[in-house]
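**Student:** Give me a 3D structure for the following:
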Amino acid sequence: MKRVHVVAAVITNGDEILIARRPDHLHQGGKWEFPGGKVEPGEPVSEALARELNEELGIIVGASEPLITIDHEYPDKHVLLDVWKVTDFTGDAKGMEGQEVRWVTQDSLAGFEFPAANVPIVAAARLPQRYVITPDCQIKSPADLDAFVQKMKAMMVSGQRLFQLRLKQLDAAPLSELVGRLVELKAGFNASVLVNSDMPNEVQHAFDGVHLTSAALYQLVERPAGHDWVAASCHSLEELRLAEQCNVDFVTLSPFRHTASHPNAEPIGETRFAEWAFGAKMPVYALGGVGAQDIKLTASLGAQGVAGIRAFWPGGCEET
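**Tutor:** Got it, this is the predicted structure:
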């Protein structure tokens, strides 16, 4: 089956993203998509992006960067999607070919029907570049609980919007109080909190999703139900494929570098990370020895961004 190389754009304007409705007579007609079109043989992708957006929307691209690459096989077509994020443009975007276009909020994207190949793009468009993982702190007193909540608040005030709650040893009473306080806190910042799969089910369903450990991933045959977000921890190409089969929304891939917490784990390294991340069918966060300073590097290797504990969490805590 011949592969069609397509460039697509996630065009942003503040908190809004531009989507277009495919004409009914085309492949996947009637569904919504991210604007773009075919890359001509020998044409640089960045030039194809600028050309297609000018022809389709009447805009001139000012600033853009790669976001995600998706290789998808439909029953009747094989598509390679090169997706770029456009953060600056000139002109008034409109359907130059008669197609309906619409500015929508990031949070509302999930309510539109997209072709299957676009589903990972929807996730990538909604996800930030930083994924904060909480340390597995001991919470033995009300003061410990207050300190943990204040650190979560500090993270949200600083602009962090995606978290994994990773507290595996809490007793029921402090855990229940913590859940109530964090649910209220995150609502005020429009933040998303996923819960590590080693924590109780009732806690997982109190928040925005679940982050599967690699052990939990091996036990699944399909996506866990009832979650807005499902993520997974991956350390190998085999685990990435398992995550794809379970239709998770995104993964962490580790260890990118040597870490003090896992000194005997072999780092994936830049070459293998790029090979695996570019070949993944979902957004990938680099984890292990990385911080905010590595966002540009990991993006060039196919990552959505970086994930971490020590790189983001304010101060330490006594871990279990």
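**Student:** what's the domain layout of the protein?
**Tutor:** 3-126, 130-308 (automatic domain parsing).
**Student:** hey, least reliable of those domains by pLDDT?
**Tutor:** For those, the weakest mean pLDDT is recorded on domain 3-126, namely a mean of 91.
**Student:** Take the domains of the chain and lay them out in CSV including distance to residue 315 and mean neighbour count.
**Tutor:** The C-beta positions use only the backbone N, C-alpha and C, and glycine is treated the same way. As requested, the domains of the chain are exported to CSV (distance: least, C-beta to C-beta, whole Å; neighbours: other C-beta atoms under 10 Å):
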stretch, distance to residue 315, mean neighbour count
domain 3-126, 29, 17
domain 130-308, 7, 18
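**Student:** can I get the ones you listed in TSV with distance to residue 314?
**Tutor:** Below are the domains of the chain laid out as TSV (distance: least, C-beta to C-beta, whole Å):
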stretch	distance to residue 314
domain 3-126	25
domain 130-308	5
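**Student:** what comes into contact with stretch 99-111?
**Tutor:** 13, 15-23, 35, 56-57, 93-95, 112, 122, 125-126, 190, 228 (C-beta atoms under 8 Å, 6 or more residues apart in numbering).
**Student:** If we use 6 Å, what do you get?
**Tutor:** With contacts defined as C-beta atoms under 6 Å, 6 or more residues apart in numbering, stretch 99-111 is touched by 15, 16, 18, 19, 20, 21, 95, 122, 126.
**Student:** residues touching residue 292, list them.
**Tutor:** Shown in contact with residue 292 (C-beta under 6 Å, 6+ apart): no residues.
**Student:** same thing but at 7 Å, please
**Tutor:** Contacts for residue 292 (C-beta atoms under 7 Å, 6 or more residues apart in numbering) come out as 130, 306, 311.
**Student:** Number of residues surrounding residue 312?
**Tutor:** Neighbours of residue 312 under the rule other C-beta atoms under 10 Å: 19.
**Student:** Is it correct that it falls within a strand?
**Tutor:** No. Secondary structure of residue 312, determined by DSSP: H, G, I helix; E, B strand; the rest coil: coil, with no strand assignment.
**Student:** wait, it sits on residue 134?
**Tutor:** No. Between residue 312 and residue 134 there is no contact, the gap being 9.5 Å when judged by C-beta atoms under 7 Å.
**Student:** Need the phi and psi values for residue 21.
**Tutor:** Per-residue torsions, residue 21: phi -100, psi 130 (degrees, to the nearest 10).
**Student:** for it, which residues make a bridge with it?
**Tutor:** Per DSSP bridges, residues listed as beta-bridge partners of residue 21: residue 32.
**Student:** what does stretch 153-161 contact?
**Tutor:** Residues from elsewhere that reach stretch 153-161 (C-beta under 7 Å, 6+ apart): 128, 130, 132, 185, 189, 190, 191, 192, 312, 314.
**Student:** and the gap between the fifth one and residue 182?
**Tutor:** Okay, so that is residue 189. Going from residue 189 to residue 182 by C-beta to C-beta, to the nearest Å gives 11 Å.
**Student:** hmm, back to that, biggest separation within the contacts of stretch 99-111, which pair?
**Tutor:** Within the contacts of stretch 99-111, 95 and 126 form the most distant pair, 23.5 Å apart (C-beta to C-beta).
**Student:** any chance you could map the strands in the stretch 1-150 of the chain?
**Tutor:** Under the criterion DSSP state E, counting those that start in this stretch, the stretch 1-150 of the chain contains strands at 3-13, 16-21, 32-33, 36-38, 60-73, 78-90, 101-105, 130-133.
**Student:** What helix or strand is residue 180 located in?
**Tutor:** Using DSSP states H and E, residue 180 falls within helix 172-189.
**Student:** Who are the packing partners of that helix?
**Tutor:** Using 3 or more C-beta pairs under 7 Å, 6 or more residues apart in numbering; DSSP states H and E as the contact test, the elements touching helix 172-189 are helix 142-157.
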